[in-house]
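Asker: Give me a 3D structure for the following:
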Amino acid sequence: ITYFIGKNKHFENLMEGKPVRLIKEGVFSIGNFSKEALGADEFFAELRMQGVSQLGQIEEAIVETSGGISIFYYPDEEVKFGLPIMIDSLDNWQQEIKVNDHYACIFCGYTEKLKPATDITCPVCKKNKWIKASNKKRIR
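Answerer: Here you go, the predicted structure:
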């Protein structure tokens, strides 16, 4: 097997898989995330163990062929508003925005400053459930 892996890139990818980007610029790469056998709770737990409290702290997160997760962070001065991932943080989602503020889509993590309105659709995933976004810096 090692011989064939060294000789054939297609065989290598078939046997070992390829790294998969799950987060880019603080937003889920939805197509890639749905292909992975990794649940959102498990993924969020892994991020929290690495000091992440919200997705706006992450420039990129990649699931490696080994199963490990590589995280590349924004510097503190570049942290964006993002989807909070702390325990129970997604429980109080809303479809009606009542206050001008930054909100994150609870499905894909897309974040935008929204004005009061009812039933706003996310431009990335077309869902309509929002939660107040966080701009906390990373825990070290």
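Asker: can you pull the pLDDT of Ser66?
Answerer: We have a pLDDT of 81 for Ser66.
Asker: and what of the one 4 residues further on?
Answerer: According to the model's per-residue confidence, Ser70 sits at a pLDDT of 93.
Asker: Can you give me the distance of it to Glu60?
Answerer: 8 Å (Cβ to Cβ, to the nearest Å). From N, CA and C alone the C-beta is placed, and that goes for glycine too.
Asker: Tell me which residue is most central in the protein.
Answerer: The centroid of the chain falls nearest to Phe28 when counting by Cα atoms, centre = their mean (3.9 Å).
Asker: Quick check on that residue: phi, psi?
Answerer: Backbone torsions of Phe28, given as degrees, to the nearest 10, read phi -60, psi 140.
Asker: what sits against it?
Answerer: Phe28 makes contact with Leu22, Leu55, Phe107, Cys108, Gly109, according to Cβ atoms under 8 Å, 6 or more residues apart in numbering.
Asker: same thing with Pro84?
Answerer: So, once contact is read as Cβ under 8 Å, 6+ apart, Pro84 ends up touching Ser53, Gln54, Leu90, Ala104, Ile131, Lys132, Ala133, Ser134, Lys136.
Asker: lowest-pLDDT helix or strand in the chain?
Answerer: Scoring the helices and strands of the chain by mean pLDDT, DSSP states H and E places helix 30-35 at the bottom, with a mean of 58.
Asker: Output the very next helix or strand once past that helix in CSV with nothing but the alpha carbons.
Answerer: Where DSSP states H and E defines the elements, the next helix or strand beyond helix 30-35 is helix 40-49. Taking C-alpha atoms only, helix 40-49 is exported to CSV below (Å, rounded to 0.1, in the frame of the first residue of the first chain):
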residue,chain,number,x,y,z
ALA,A,40,-21.2,20.6,15.2
ASP,A,41,-21.1,19.9,19.0
GLU,A,42,-17.9,17.9,18.6
PHE,A,43,-16.3,20.5,16.4
PHE,A,44,-17.3,23.4,18.8
ALA,A,45,-15.9,21.4,21.7
GLU,A,46,-12.6,21.0,19.9
LEU,A,47,-12.5,24.7,19.1
ARG,A,48,-13.3,25.6,22.8
MET,A,49,-10.4,23.4,23.9
